[in-house]
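**Q** Sequence plus predicted model, see below.
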Amino acid sequence: MKLYDTLQKKKVAFQPIRKQEVGIYLCGPTVYDYGHLGHGRSAIVFDLLRRYFIYRGYRVTFVRNWTDIDDKTIERARQEGITVEELTGKFIHIYREDYAKLNILEPDYAPKPTDHMAEIIMIIERLFENGHAYTLEDGVYFDIASFKGYGALSGQSLDELRSGARIEVDESKRNPGDFALWKFQKPGEPAWDSPWGRGRPGWHIECSAMSSRYLGEEFDIHCGGQDLIFPHHEDEIAQSRGAGYGFARYWLHNGFLNINDEKMSKSLGNFFTLRDVFKRYTPHAVRFFLLSAHYRAPLSFSEENLQHAENTLKRYNDFILRLTEITGKGPTGEVGEEMQDLIENAKQGFEGGLDDDLNISKALASIADLIRAVNCSIDGGSVTPSEAASVIGFLENINEVLGVFSFEREMLPEEIEELIEERTRVRAERNFARADEIRDTLLERGIVLEDTRDGTRWKRSS
RNA sequence: GGCGGCAUAGCCAAGGGGUAAGGCGACGGUCUGCAAAACCGUUAUCCGUCGGUUCGAAUCCGACUGCCGCCUCCA
């Protein structure tokens, strides 16, 4: 399996630290507000990564944090007149609901920095011991000049960072790029005891502390959005390696979700929350949309593209419905060699695509080829129930990775079943006026009827 | 100013030295009582522009143009 490593700036063959095991850390959101599509994208593409490792037989440990203590959670809680804990508890709950709708697997660990002060303090102590930390009036800082290799991830040298700094420089810091490890308490702020005084952790330190806590001092993959490369991940590397950890072996970053060619973000105010989008599109379609572009490429949000996802998914699910109708006839017939080859080709195409740095387009193209070929055989009446079952089995397997197909069928209310039966009767009598009337009535109620050789099929219209 | 990314049909998108996968949409056809679904066919002489290397480039090199991101909180 090849993955693009941001640090090496190229695709490399993935080698796990321990055979058939992989530890993954994903930087999660700061929980002070509703999640938007961009957060959804990051969560989904790395859910795809995790699920594909599982599909490939790896034992995966997946960690995604909730950032619950920083300027924004403190400020928002103050505005709303509630505690930081109340605020973050509410939004963690909302995020979890949204992510569940998107069929994102729960992380094995979902740590919060407020639960890990001991680990955070311990790593800062180690940074002092190793000469990377120093204390100023308002907090403890990391001395980036003391860490050789600073800038390797983002491709920037210390000098460039110095000259390019757009922020007002705190003259007391040894280097403008030095960042806070521990911020001393200001009036009204939540605070924890530490050897340097009461306060709270800086942003970057939580990920260094919690990743090592759950995945070990050296682990396989660290992921996040491209906006985290600098300074967040650069600083994490400096801290963790400065503390003597091996830290992450591979760095993966997802591209942005754009809207009108601009990054969707809180600060630009051009975002759609997941909740809003769910009002207009099915969660499966939203997942499929966010999944359907390569994870490192920019993806444009638009009504047209969401609708596109909805349409494509409908084609998949119609296909599954057709297969289900055939398997309903019982487990009979052979699985012919031709069908075995079709499935095998699709499987190889699917795996070949995802093996190549999660090339989802390649993977989906092979599924499209399978659907066309099998639909063609169904039209010809040559697909046995056993064959249909094996195609469904294949789709179920890959759906463990994609998580977008629907296999379940709901039961219709009896009155609707009766209308469908009545329509079958009157059609046999060639009373098409009544038949069309029934079809229109049901359509108004969201039921689409399709007449096939073997009877009438119903579907939900949306 | 520094660092990085992107530019392929109406739209989404793969490919990345040997002559353009796949999907959505559209149009024509088969099927159907009519539809729908499905299938078949059509839909890029060409891959931002200009040069160069090569027998051969969308693919490599150079320049240019446009767009985006990071350098400040951000998935």
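**A** The structure has been received and is ready for your questions. Numbers count the residues shown, from 1 in each chain, chains lettered A, B, ... in the order given.

**Q** isn't residue A:181 right next to residue A:124, touching?
**A** Yes. With contact defined as CB atoms under 8 Å, residue A:181 counts as touching residue A:124 (5.0 Å). Yep, even glycine has a C-beta here, placed from its N, CA and C like the rest.

**Q** For those two, indicate the residue with more neighbours.
**A** The neighbour count for residue A:181 versus residue A:124, taken as other CB atoms under 10 Å, is higher for residue A:181 (30 against 26).

**Q** Could you grab the helix/strand/coil label for the more buried one?
**A** With DSSP: H, G, I helix; E, B strand; the rest coil as the basis, the three-state label of residue A:181 is strand.

**Q** Determine how far the last residue of stretch A:29-40 lies from the first.
**A** Stretch A:29-40 has an end-to-end distance of 10 Å (CA to CA, to the nearest Å).

**Q** no no, stretch A:254-268
**A** This stretch, stretch A:254-268, spans 19 Å end to end (CA to CA).

**Q** and it with RNA strand B, contact?
**A** Yes. Using CB under 7 Å from any atom of the strand, a contact is recorded between stretch A:254-268 and RNA strand B, made by A:254, A:256, A:257, A:258, A:261, A:262, A:263, A:264, A:265, A:266, A:267.

**Q** what sits up against that stretch?
**A** Stretch A:254-268 has contacts (CB atoms under 8 Å, 6 or more residues apart in numbering) with A:33, A:36-38, A:40-42, A:45-46, A:223-227, A:270-272, A:290, A:293-302.

**Q** So which of those are in helices?
**A** Residues of these located in helices (DSSP state H): A:37, A:38, A:40, A:41, A:42, A:45, A:46, A:290.

**Q** How about the secondary structure of residue A:22?
**A** Assignment for residue A:22 (three-state DSSP): strand.

**Q** So it sits against residue A:57, correct?
**A** No. Assessed by CB under 8 Å, residue A:22 is found out of contact with residue A:57, at 10.7 Å.

**Q** Can you pick out the residue with more neighbours from those two?
**A** When residue A:22 and residue A:57 are compared for neighbours, residue A:22 comes out ahead with 25 against 7, by other CB under 10 Å.

**Q** List the contacts of the more buried one.
**A** Applying CB under 8 Å, 6+ apart to residue A:22 gives the contacts A:16, A:53, A:58, A:59, A:60, A:61, A:220, A:221.

**Q** so how far is residue A:185 from it?
**A** Between residue A:22 and residue A:185 the computed distance is 39 Å (CB to CB, to the nearest Å).

**Q** Then residue A:217?
**A** Distance of residue A:217 to residue A:185, given as CB to CB: 30 Å.

**Q** So for the residue of chain A found nearest RNA strand B, what's the nearest residue that isn't a sequence neighbour?
**A** Ranked by CB to the nearest atom of the strand, the top residue of chain A for proximity to RNA strand B is residue A:225, at 1.9 Å. Nearest residue to residue A:225, sequence neighbours excluded (CB to CB, 6 or more residues apart in numbering): residue A:42, at 5.0 Å.

**Q** What are the boundaries of the strands in the stretch 301-450 of chain A?
**A** Secondary structure of the stretch 301-450 of chain A (DSSP state E, counting those that start in this stretch): strands located at A:447-452.

**Q** Low-confidence stretches in it?
**A** Across the stretch 301-450 of chain A, nothing is flagged by pLDDT under 70.

**Q** if we go to 90?
**A** A:328-333, A:382, A:409-411 (pLDDT under 90).

**Q** who in it is up against RNA strand B?
**A** Contacts of the stretch 301-450 of chain A with RNA strand B, taken as CB under 7 Å from any atom of the strand, map to A:304-305, A:307-308, A:311-312, A:315, A:318-319, A:322, A:356, A:359, A:361-362, A:364-365, A:368-369, A:371-372, A:375-376, A:378-379, A:427, A:432, A:435-436, A:439, A:448-450.

**Q** Mind giving me the ChimeraX command for buried ones among these?
**A** In ChimeraX syntax, the buried subset of those is picked out as below (16 or more other CB atoms under 10 Å):
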select /A:312,319,322,359,362,364,371,375,378,427,435,439,449
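
**Q** one step back: if we check RNA strand B, which of the ones in helices among the contacts of stretch A:254-268 are in contact?
**A** A:38, A:41, A:42.

**Q** ok, the first one - contacts?
**A** Same thing as residue A:38. Residues near residue A:38 by CB under 8 Å, 6+ apart: A:225, A:256, A:257, A:263, A:264, A:265, A:271.

**Q** Could you do residue A:438 as well?
**A** Taking CB under 8 Å, 6+ apart, we find residue A:438 in contact with A:419, A:420, A:422, A:423, A:426.

**Q** Could you rank those residues by neighbour count and give me the top one?
**A** That'd be residue A:423 among the contacts of residue A:438, by other CB under 10 Å, with 23 neighbours.

**Q** That one contacts residue A:451, doesn't it?
**A** No. The criterion here is CB under 8 Å, and residue A:423 misses it with residue A:451 at 9.2 Å.
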